[in-house]
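Enquirer: this is a predicted model, with the sequence first.
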Amino acid sequence: MRLLLAFLRRDLQILTAYRLNALLLVSGGLFTLTLFYFLARTVGESPVVRGRYGTDYFSFALVGLATAALLRALQTGFGGAVRAAQNDGSLEPLLGAPLSTVHVVTLMGAWPVANALLRAVGLLSLGALLFGAQLNLHPVSFVLTLLLSALTFSALGLLSAAFVLVFKRGDPFTYALDALSYLFAGVLYPTDVLPPLLRTMGRLLPATHALHGLRESALRGAGPRELLPTWATLALFCLVLWPLAAGALSAARRHVEQAGTLPHS
């Protein structure tokens with residue numbers, strides 16, 4: 001816990017040293033919400049959304065945007081932290097600590113995880129307070145679904161970090177997965193409108209199940225009993241992806257040490 005707090009304190013100090021970044025993040029979030037608010041007014045009432053979730057399109061899209069922002073931030077946050085450490089020369093000393101590679105990279109990504117969760121909750125809060133989103137939130141179900149989703153997406157982020165550790169550039173798989181999530185997971189439209197084959201493809205994406213659970217708990221007020229199947233699916237993704245990510249990071253570290261490219265940026 002002491003190490004975790006130390007990493008969080010370091011990254012928070014870096015963030016507060018560049019206050020314009022925080023202002024840009026808030027203004028960017030407000031711009032996105034405003035854009036989709038007027039888009040929702042243009043689209044009007046959606047019978048599919050109303051029938052499935054009992055709410056309007058803006059509220060539906062709001063949860064999708066918040067989840068997509070969380071997914072993107074966690075998928076890129078760990079790799080970004082590794083890349084920044086490569087550039088400033090701190091990666092080699094950090095990996096020299098008596099900790100496993102996955103432990104070190106997880107600590108390095110602690111702030112991106114916390115920041116992504118805060119941004120997702122902030123988008124939902126601003127959408128409800130400033131734009132009148134119709135949220136019927138079940139607190140326990142929502143928090144548990146959010147945490148399970150973050151754990152799943154973090155494993156994907158660690159896989160991306162392994163790629164960055166070896167190739168010292170962004171992981172193309174991350175951007176492909178982000179695009180597939182927008183297409184098939186139901187970020188901006190219900191998966192009910194997709195053909196059966198594409199709906200089946202969408203179920204292979206963790207974002208599909210995260211979106212379902214977050215919408216059920218935030219829009220319909222679904223309780224834990226209703227969301228147990230979704231939580232079980234997200235937990236299964238975690239059980240598969242976390243060992244895979246740990247193995248990929250260990251293999252990536254062995255490769256760069258054997259190749260002598262660890263200190264190179």
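Expert: Yep, that arrived. Numbering: from 1, shown residues only.
Enquirer: so what's the residue count around the residue lying closest to residue 186 once chain neighbours are set aside?
Expert: In this structure, residue 186 finds its nearest non-sequential neighbour in residue 211, 5.4 Å apart by Cβ to Cβ, 6 or more residues apart in numbering. Using the backbone N, CA and C atoms, a C-beta is placed for each residue, glycine as well. By the criterion of other Cβ atoms under 10 Å, residue 211 has 28 neighbours.
Enquirer: give me the residue at the spatial middle of this protein.
Expert: residue 71 (2.3 Å; Cα atoms, centre = their mean).
Enquirer: element containing that one, please.
Expert: Assigned by DSSP states H and E, residue 71 belongs to helix 57-88.
Enquirer: centre of the chain to that helix, how far?
Expert: Distance of helix 57-88 from the chain centroid (Cα atoms, centre = their mean, to the nearest Å) equals 5 Å.
Enquirer: quick check: mean pLDDT across the next helix or strand after that helix?
Expert: Using DSSP H and E, the next helix or strand after helix 57-88 towards the C-terminus is helix 91-95. Helix 91-95 comes out with an average pLDDT of 79.
Enquirer: buried residues, helix 91-95. List them.
Expert: Going by neighbour count (16 or more other Cβ atoms under 10 Å), the buried part of helix 91-95 is 91, 94, 95.
Enquirer: adding distance to residue 144, write the residues you listed out as JSON lines.
Expert: Below are the buried residues of helix 91-95 laid out as JSON lines (distance: Cβ to Cβ, whole Å):
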{"residue": "91", "distance to residue 144": "34"}
{"residue": "94", "distance to residue 144": "32"}
{"residue": "95", "distance to residue 144": "33"}
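Enquirer: packing partners of the helix holding residue 71?
Expert: helix 19-43, helix 47-53, helix 91-95, helix 101-108, helix 110-131, helix 139-167, helix 172-184, helix 206-219 (3 or more Cβ pairs under 8 Å, 6 or more residues apart in numbering; DSSP states H and E).
Enquirer: any idea how far the second one is from the chain center?
Expert: By that I understand helix 47-53. Distance, centroid of helix 47-53 to centroid of chain: 25 Å (Cα atoms, centre = their mean).
Enquirer: just the C-alphas of that helix, formatted as PDB.
Expert: C-alpha atoms of helix 47-53 as PDB (Å, rounded to 0.1, in the frame of the first residue of the first chain):
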ATOM      1  CA  PRO A  47     -38.100   2.900 -29.200                       C
ATOM      2  CA  VAL A  48     -35.300   0.300 -29.000                       C
ATOM      3  CA  VAL A  49     -33.500   2.200 -26.200                       C
ATOM      4  CA  ARG A  50     -36.800   3.100 -24.400                       C
ATOM      5  CA  GLY A  51     -38.000  -0.500 -24.600                       C
ATOM      6  CA  ARG A  52     -34.800  -2.100 -23.500                       C
ATOM      7  CA  TYR A  53     -33.600   0.400 -20.800                       C
END
